[in-house]
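Chemist: Structure for the following, please:
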Amino acid sequence: MTNITLSISDDLARQAQSAGLLRSEAIEQLLREAMKKRQVDRLFATMDKLAALEPRLTEEEIDAEIAAARAERARRR
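Modeler: Numbering: from 1, shown residues only. As a prediction, the model looks like this:
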């Protein structure tokens, strides 16, 4: 278990306290949600980078790659 000390404005602390957000369980849930969002944001950023890469394969080239991979897998069986 890790203890964390935060410095936030008194106004925000009062609002968070009245909303029940300063409980350990609530903070843990907020942190987990923020981490998931960050992972999703990174995934989409990576997808954008991949989509921008050249050269892009045509649909026919993709089909040929899939067929070759399936043939190779069948050959190994």
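
Chemist: can you tell me which helix in the protein is longest?
Modeler: helix 24-52 (DSSP state H).

Chemist: for that one, what is the average pLDDT?
Modeler: Mean pLDDT, computed over helix 24-52, is 95.

Chemist: could you dump the helix or strand following that helix to CSV, C-alpha only?
Modeler: Next in sequence after helix 24-52, counting helices and strands by DSSP states H and E, comes helix 59-76. Once non-C-alpha atoms are left out, helix 59-76 reads as follows in CSV (Å, rounded to 0.1, in the frame of the first residue of the first chain):
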residue,chain,number,x,y,z
GLU,A,59,-6.4,-4.5,-50.9
GLU,A,60,-5.0,-7.0,-53.4
GLU,A,61,-1.6,-7.0,-51.7
ILE,A,62,-3.2,-7.5,-48.3
ASP,A,63,-5.2,-10.4,-49.7
ALA,A,64,-2.0,-11.9,-51.2
GLU,A,65,-0.2,-11.5,-47.8
ILE,A,66,-3.1,-13.3,-46.0
ALA,A,67,-3.1,-16.1,-48.6
ALA,A,68,0.6,-16.5,-48.3
ALA,A,69,0.4,-16.7,-44.5
ARG,A,70,-2.4,-19.2,-44.6
ALA,A,71,-0.5,-21.3,-47.2
GLU,A,72,2.6,-21.3,-45.0
ARG,A,73,0.6,-22.3,-41.9
ALA,A,74,-1.0,-25.1,-43.9
ARG,A,75,2.4,-26.3,-45.2
ARG,A,76,3.7,-26.5,-41.6
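
Chemist: Give me the most central residue, the chain.
Modeler: By Cα atoms, centre = their mean, the mean C-alpha position of the chain lies nearest to Gln39, the distance being 1.9 Å.

Chemist: Tally up the residues packed near Arg14, please.
Modeler: 11 (other Cβ atoms under 10 Å). In this view, the C-beta of every residue, glycine as well, is placed from N, C-alpha and C.

Chemist: And it, what's its pLDDT?
Modeler: Reported pLDDT for Arg14: 97.
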